[in-house]
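1. I'd like to go over a predicted model; first the sequence, then the structure.
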Amino acid sequence: MNHMRLSGLAIAAVLATSTIANARELRTAPGAPPAHPAGGVLYPNLQKYLAEDPGDLTSVIVGPEIANVGNMKDALQSQLVDVGNLLPLFVPADLPHIAFAGELALTGTNPQAMGAAMTEYVVNCAECQQELKTFGVVFLGAGASDVYELLSTKPVKTAADMKGLKFRTGGAPWTRFAEHFGAVPAQIPVPEQFEAMSQGVIDGTIASIADLVSYRLVEIVKYVTYIPLGTYHATSNFSTTSAVWTSLTPDEKAEFVKAANRANTDFTDRWGAQMPGEAEEAAKAAGIEFVEPDLEFMAAVKAYAVEDQAAAVKTATEKLGITDAADRVAAFNALVEKWTAIAESVDNDPVKMAEKTYDEVWSKVDLSTYGM
């Protein structure tokens with residue numbers, strides 16, 4: 001069953017028998033369809049790496065019709081799944097310190113660096129670890145998207161073009177960006193953005209260009225504006241329920257961490273490096289126009305990205321209750337600088353980045369106490 005993808009009635013059989021037939025078979029949920037890098041690479045590669053290891057762990061993938069990013073909190077806490085793709089920005093009240101790192105999205109320019117920085121930040125953040133423990137999961141690494149852009153049905157070349165347009169935003173950083181430039185942000189789940197855009201409810205989305213193929217937006221988007229709007233790196237790719245984690249042997253935990261670490265950088269490579277090129281080719285074939293923003297708009301966006309860190313501190317202090325937010329910004333920025341240098345030194349190679357992340361982060365973690 002190691003390489004099965006389950007859906008519909010098949011899940012019932014798995015839920016009823018998997019823990020009895022094989023206590024080490026993990027029910028895993030990418031929360032996204034196969035076209036998305038989480039469904040197409042992240043979780044299948046975890047399966048592959050677990051199968052390559054001589055240990056006992058295997059996994060079975062549960063489709064998004066059972067557990068998706070919108071209901072992943074419930075899926076994990078009810079133990080419908082053992083391992084799930086949890087997005088902290090979707091549950092900021094539960095994971096404020098982790099979500100806070102996502103508030104710094106607009107600083108992101110290198111996906112591999114951002115995924116590694118997020119991983120090191122969470123692993124070594126005592127408050128983050130306590131939040132995860134209270135939530136009932138264990139963190140096994142993060143990944144990151146390519147740099148976000150504007151995907152729209154109307155052309156956006158200048159700051160003035162933003163005014164009055166309705167954009168789906170995937171979190172507070174992009175909501176603030178939209179509002180700053182006079183657009184109207186809309187909180188719409190990722191799977192629903194196609195319908196919302198096709199019906200004219202929104203004029204576009206602030207997202208990865210990979211969404212053109214991941215969510216079929218290539219069929220309705222008319223324009224892509226190349227403007228750097230940061231990365232989506234506030235991820236907990238393999239959130240593992242505490243009940244499952246504590247049941248694993250030391251060797252199984254080590255096996256799991258190594259497999260997850262390798263899959264995380266593969267995921268980032270797929271999302272941040274491979275898919276943008278594929279999406280661009282699909283866009284060109286569909287007749288989508290690529291818009292170069294004018295210099296004034298580009299300068300304004302870059303200036304805003306710097307200013308937004310102060311807004312992130314204010315949000316963290318007032319809404320998330322984080323009293324040392326300014327210090328955390330400095331610490332996270334230092335990690336981004338560190339990992340940007342590392343990522344560039346290995347040319348963003350996912351295999352080498354996995355090795356670097358293991359050496360710099362996971363090799364220093366005592367797995368006998370981690371997550372406990």
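-> Looks like it came in fine. Given the structure is predicted, the values throughout are model-derived calculations rather than measurements.
2. from now on I want contacts and neighbour counts done on CA atoms only, so please keep to that.
-> OK.
3. please, where are all the helices along the stretch 101-250 of the chain?
-> Residue ranges of the helices in the stretch 101-250 of the chain, as given by DSSP state H, counting those that start in this stretch, are 111-123, 126-135, 159-162, 172-180, 193-198, 211-214, 242-247, 250-269.
4. hmm, who's touching the second one?
-> If I follow you right, that is helix 126-135. Helix 126-135 is contacted from outside by 77, 94-98, 122-123, 138-139, 242, 371-372, using Cα atoms under 8 Å, 6 or more residues apart in numbering.
5. return the distance of that helix from the chain's centre.
-> 19 Å (Cα atoms, centre = their mean, to the nearest Å).
6. using CSV, list the CA coordinates for it.
-> The C-alpha coordinates for helix 126-135 follow below in CSV (Å, rounded to 0.1, in the frame of the first residue of the first chain):
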residue,chain,number,x,y,z
ALA,A,126,10.8,27.6,22.4
GLU,A,127,7.5,29.4,22.1
CYS,A,128,6.8,27.8,18.7
GLN,A,129,7.5,24.3,20.1
GLN,A,130,5.1,25.0,23.0
GLU,A,131,2.4,26.1,20.6
LEU,A,132,2.9,22.9,18.5
LYS,A,133,2.7,20.8,21.6
THR,A,134,-0.5,22.4,22.7
PHE,A,135,-1.9,22.0,19.2
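7. any idea of the mean pLDDT in it?
-> Helix 126-135 carries an average pLDDT of 98.
8. shouldn't Thr240 be in contact with Val137?
-> Yes. Using Cα atoms under 8 Å, Thr240 is in contact with Val137, at 5.1 Å.
9. spit out the residues that contact those two alike.
-> Leu76.
10. where in the stretch 151-300 of the chain is pLDDT low?
-> By pLDDT under 70, the stretch 151-300 of the chain contains no weakly predicted segment.
11. who are the neighbours in contact with the residue positioned nearest the centre of the chain?
-> Nearest to the mean C-alpha position of the chain, by Cα atoms, centre = their mean, lies Thr235 at 3.9 Å. Going by Cα under 8 Å, 6+ apart, Thr235 touches 85-88, 141-144.
12. could you do Ala160 as well?
-> Each residue near Ala160 by Cα under 8 Å, 6+ apart is listed here: Phe181.
13. same deal with Thr265?
-> Counting by Cα under 8 Å, 6+ apart, Thr265 has contacts 112, 115, 143, 350-351, 353-354.
14. try 7 Å this time
-> 112, 143, 350, 353-354 (Cα atoms under 7 Å, 6 or more residues apart in numbering).
15. which one of the residues you listed is nearest to Asn261?
-> Set against Asn261, the nearest of these by Cα to Cα is Ala354 (6.0 Å).
16. that closest one in helix, strand or coil?
-> helix (DSSP: H, G, I helix; E, B strand; the rest coil).
17. leaving out chain neighbours, which residue sits closest to it?
-> Closest residue to Ala354 apart from its sequence neighbours, by Cα to Cα, 6 or more residues apart in numbering: Arg262 at 5.3 Å.
18. counting neighbours, what do you get for that neighbour?
-> Arg262 is flanked by 23 other residues according to other Cα atoms under 10 Å.
19. surely Gly84 is in a helix?
-> No. Using three-state DSSP, the secondary structure at Gly84 is strand, not a helix.
20. now it: closest residue in space that isn't a chain neighbour?
-> Of all residues not flanking Gly84 in the chain, Ala29 sits nearest, at 4.6 Å (Cα to Cα, 6+ apart).
21. just send the contacts of Thr265 back as JSON lines, with distance to Gly182 too.
-> Compiled in JSON lines, those are given as follows (distance: Cα to Cα, whole Å):
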{"residue": "Gln112", "distance to Gly182": "32"}
{"residue": "Gly143", "distance to Gly182": "31"}
{"residue": "Pro350", "distance to Gly182": "38"}
{"residue": "Met353", "distance to Gly182": "39"}
{"residue": "Ala354", "distance to Gly182": "41"}
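22. just the buried subset of the residues you listed, written out for ChimeraX, thanks.
-> Buried subset of the contacts of Thr265, written as a ChimeraX selection, criterion 16 or more other Cα atoms under 10 Å:
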select :112,143,350,353,354
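23. for burial, what's the neighbour tally of Val329?
-> Val329 has 19 nearby residues by other Cα under 10 Å.
24. I'd like to know how far the nearest residue to Val184 once chain neighbours are set aside sits from Leu150.
-> Spatial nearest neighbour of Val184, excluding adjacent residues (Cα to Cα, 6+ apart): Lys166 at 4.5 Å. As judged by Cα to Cα, to the nearest Å, Lys166 and Leu150 stand 11 Å apart.
25. next: Val365.
-> In terms of Cα to Cα, Val365 sits 39 Å off from Leu150.
26. those two - which one has more neighbours?
-> It is Leu150, of Val365 and Leu150, that has more neighbours when counted by other Cα under 10 Å, with 23 against 13.
27. give the contact list for that one.
-> Taking Cα under 7 Å, 6+ apart, we find Leu150 in contact with 205-207, 224-225.
28. cutoff 8 Å now
-> By Cα under 8 Å, 6+ apart, Leu150 lies in contact with 204-207, 223-227.
29. same thing with Leu106?
-> Taking Cα under 8 Å, 6+ apart as the test, what Leu106 contacts is 173, 228-231, 305, 308.
30. same thing but 10 Å
-> Taking Cα atoms under 10 Å, 6 or more residues apart in numbering, we find Leu106 in contact with 147-148, 173-174, 177, 228-232, 301-302, 304-306, 308-309.
31. which among the residues you listed end up buried?
-> Taking 16+ other Cα under 10 Å as the criterion, what is buried in the contacts of Leu106 is 147-148, 173-174, 177, 228-232, 301-302, 305, 308-309.
32. return the distance of whichever helix in the chain runs longest from the chain's centre.
-> Longest helix in the chain, counting residues (DSSP state H): helix 295-318. Put simply, helix 295-318 sits 21 Å off its chain's centre (Cα atoms, centre = their mean).
33. no more questions from me, cheers.
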